[in-house]
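Q: would you be able to build a 3D model of this:
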Amino acid sequence: MKKIKPILIMGFCLKGPYRYAKDILENPDIKWINWGYSTEYIHPEVIDQVRNKIIKSGTEVMFAIWKLKEEKKAKLIRKGIIDHIIFKKEYINFTVFLKETVLGFVEFSEVDQYLCRYIDLGG
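A: Residues are numbered from 1 along each chain as shown. A predicted model of the protein is given here:
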C-alpha cells in the first residue's frame, strides 16, 4: 500500500474578499499567482516549517475554498508548486506556479481559523 504524504493546503474563505480569486484559480490560462497570509491564519506547524526551510521552492500545494470558522469541508480547486517564499514579521508571501485544476473535497478534523495548513489526502 502506497503511503500518501500530507499536502499543504492554501485555502481561502467563501465569505471574504479572496473568494474572487476562485475565478483566477479556475482559469487554466493563469500559470502563476502571488498569495499570502497573516500568520494568524497559518497553522503553527506550517510557520515552523517555513522558518526551517522545510517548506520551500518546489513544495507542492493545493488551493481550496471553504467558509472559515464555520465549515470543516473544503472544495479543492487547483494544484500548484511554490516558486518563492518571503517571511516578514507576521506575514508570509508565496509565489506559486499553478498546475492542473482538481475536483474534490477534503475534510478537516476541527473548525478553526487556519487557512494555510496540512491535510492528508489519503483519507
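Q: pull out the buried residues from stretch 29-38.
A: Buried residues in stretch 29-38, counted by 16 or more other Cβ atoms under 10 Å: 33, 35-37. Any C-beta I mention is one placed from the backbone N, CA and C, and that applies to glycine too.
Q: and which of these is nearest T101?
A: I33 (13.1 Å; Cβ to Cβ).
Q: contacting residues for the residue lying closest to the closest one once chain neighbours are set aside?
A: Nearest non-adjacent residue to I33, counting by Cβ to Cβ, 6 or more residues apart in numbering: V96, 5.4 Å away. Neighbouring residues of V96 by Cβ atoms under 8 Å, 6 or more residues apart in numbering: 10, 32-33, 35, 61, 80-83.
Q: any idea how far K56 is from V96?
A: For V96, the distance to K56 (Cβ to Cβ, to the nearest Å) stands at 13 Å.
Q: who touches both of the two?
A: Counting by Cβ under 8 Å, 6+ apart, the shared contacts of V96 and K56 are I82.
Q: tell me where the chain has helices.
A: For the chain, the helices defined by DSSP state H occupy 21-26, 44-51.
Q: relative to L121, which of those helices is closest?
A: Closest to L121 of those is helix 44-51 (Cβ to Cβ; 16.1 Å).
Q: CA atoms only: put the closest one into PDB for me.
A: Taking C-alpha atoms only, helix 44-51 is exported to PDB below (Å, rounded to 0.1, in the frame of the first residue of the first chain):
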ATOM      1  CA  PRO A  44       1.900  26.900  13.600                       C
ATOM      2  CA  GLU A  45       3.400  23.700  12.100                       C
ATOM      3  CA  VAL A  46       3.500  25.400   8.700                       C
ATOM      4  CA  ILE A  47       5.100  28.600  10.100                       C
ATOM      5  CA  ASP A  48       7.800  26.400  11.800                       C
ATOM      6  CA  GLN A  49       8.400  24.600   8.500                       C
ATOM      7  CA  VAL A  50       8.700  27.800   6.500                       C
ATOM      8  CA  ARG A  51      11.200  29.200   9.100                       C
END
